[in-house]
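Engineer: Okay, here's the prediction I keep looking at, along with the sequence it came from:
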Amino acid sequence: MDLKLNKPFGTTSKTADQPALLNPERRILTYWALATLGGLVLLWDWISAWKVPATLRVPGLPIYLLVSFILSQYLYLLVARYDGRPIHWGATAIFAIGNGIAETLAFAAVYRVGEVIGSSVVGLVAPSIASLAGFALGVGLFVIYGGLIHGLFWLRVLPPHLDDSPRSRRIRAYRPLAEIGLVLGWSLCFWLTRDLWTVVFFHTLVDIGLMLKVRPPIFGAPAA
């Protein structure tokens, strides 16, 4: 879902039609704080464990993670724009590290809630497929949360950054499939190895790509 903002990003006007544009850094920091708090409560055993080697040993999973990341970023590169804003390396580092960790905690927490509910409920009647059912519900909630947070939060906090040409619209039609492929790989890390930190790594790379391609005026980055 693509949303268009009627006013320029970063405006200081306090009219009622643009509250989402005010204090983007404050909104982002609040989101990170809530995500981190939820992650500490629900995911401490994942946070405190280093499962990256286990993920690397799963046949095919490292390749899948890499290919799905490259595909999603290639499609994003084709449709995102920066409207003349310069690269700001300090803002890039702050956002990529902060969001790479905090939002991954939010994603993992949502996934884990779904997994626990799905496996518990299905386990009452079909224990043999309880784990698979938990994975399926975890992925489903992950996809739903990812869509909602990007549509209702990020597209309002970040400046308009998706090209609207006919070519870009055709490409954008395939991006949700690539994003679901990315979510599936990250969820496999959660399900198979309880590996949070590989997902943090790939999410940080995704956020670096966003900052280099969109260059939003946040955390000290200039507007133009």
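Structural biologist: Right, received. Where do you want to start?
Engineer: residues of the lowest-mean-pLDDT helix or strand in the chain that come out buried?
Structural biologist: Lowest on mean pLDDT, DSSP states H and E among the helices and strands of the chain sits helix 166-172, with a mean of 89. By neighbour count on 16 or more other Cβ atoms under 10 Å, the buried set for helix 166-172 is 171-172. Every residue, glycine included, has its C-beta placed from N, CA and C.
Engineer: Could you do stretch 56-64 as well?
Structural biologist: L61.
Engineer: Span of it from start to end?
Structural biologist: 11 Å (Cα to Cα, to the nearest Å).
Engineer: which outside residues touch that stretch?
Structural biologist: 55, 185, 188-189, 192-193 (Cβ atoms under 8 Å, 6 or more residues apart in numbering).
Engineer: Surely L182 touches S68?
Structural biologist: Yes - taking contacts as Cβ atoms under 8 Å, L182 lies within contact range of S68: 4.9 Å.
Engineer: Let's test this: mean pLDDT of stretch 80-87, rounded?
Structural biologist: Here stretch 80-87 scores 92 as its mean pLDDT.
Engineer: list the buried ones in that stretch?
Structural biologist: For stretch 80-87, the neighbour count (16+ other Cβ under 10 Å) marks 80-81, 85 as buried.
Engineer: ok now the biggest helix by length in the chain, how far from the chain's centre?
Structural biologist: Determined from DSSP state H, the single longest helix within the chain is helix 89-123. Counting by Cα atoms, centre = their mean, to the nearest Å, helix 89-123 is centred 8 Å from the centre of its parent chain.
Engineer: so what secondary structure elements neighbour it?
Structural biologist: helix 24-42, helix 44-47, helix 130-149, helix 197-213 (3 or more Cβ pairs under 8 Å, 6 or more residues apart in numbering; DSSP states H and E).
Engineer: Mean pLDDT and mean neighbour count for the ones you listed - can I get that in TSV?
Structural biologist: TSV is the format used below for those (pLDDT from 0 to 100; neighbours: other Cβ atoms under 10 Å):
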stretch	mean pLDDT	mean neighbour count
helix 24-42	97	16
helix 44-47	98	14
helix 130-149	97	18
helix 197-213	97	19
